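**Student:** Attaching a predicted model along with its sequence, questions to come.
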Amino acid sequence: MEDTVKLEATFLVVRETKNTIRYVEEAESHPLVGTLYVHKAAVSLLGNPKRLKVTIEAA
């Protein structure tokens, strides 16, 4: 079995719109994603955090 590479990125809230929350990646060098938009309904399921951690891996 091959080892899977997982990339992790942390995001911080920068702005709220009518239906989404915009997060910006907290990257020391080149960002993996940059900006992340998440629906408010989904963020509320997590307790409305100011920071998110996203893991990216091949499907």
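**Tutor:** Yes, it's here.
**Student:** Identify each buried residue in the longest strand seen in the chain, please.
**Tutor:** Among the segments of the chain that qualify as a strand by DSSP state E, the longest is strand 6-16. Within strand 6-16, the residues scored as buried using 16 or more other Cβ atoms under 10 Å are 9, 11, 13. Bear in mind the C-beta positions are built from the backbone N, C-alpha and C, glycine included.
**Student:** Confirm that residue 55 lies within a helix, as I assumed.
**Tutor:** No: Residue 55: not assigned to a helix; according to DSSP: H, G, I helix; E, B strand; the rest coil it is strand.
**Student:** residues in contact with residue 36?
**Tutor:** Residues in contact with residue 36, defined by Cβ atoms under 8 Å, 6 or more residues apart in numbering, are 11, 22-25, 52, 54.
**Student:** mind checking the end-to-end distance for stretch 28-39?
**Tutor:** 26 Å (Cα to Cα, to the nearest Å).
**Student:** If any of the contacts of residue 36 are buried, give me the PyMOL selection for them.
**Tutor:** Buried residues within these, by 16+ other Cβ under 10 Å, are selected in PyMOL with:
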select buried, resi 11+23+25+52
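**Student:** Which of the contacts of residue 36 sits closest to residue 37?
**Tutor:** residue 22 (5.6 Å; Cβ to Cβ).
**Student:** Relative to residue 24, how far out is the residue lying closest to residue 54 once chain neighbours are set aside?
**Tutor:** Once flanking residues are discounted, residue 54 sits nearest to residue 9: 5.2 Å by Cβ to Cβ, 6 or more residues apart in numbering. Separation of residue 9 from residue 24 (Cβ to Cβ, to the nearest Å) stands at 10 Å.
**Student:** OK, contacts around residue 55?
**Tutor:** 6-8.
**Student:** for those residues, which one is nearest residue 34?
**Tutor:** residue 7 (13.2 Å).
**Student:** The closest one and residue 32 touch, don't they?
**Tutor:** Yes: here residue 7 lies in contact with residue 32, judged by Cβ atoms under 8 Å, at a distance of 5.5 Å.
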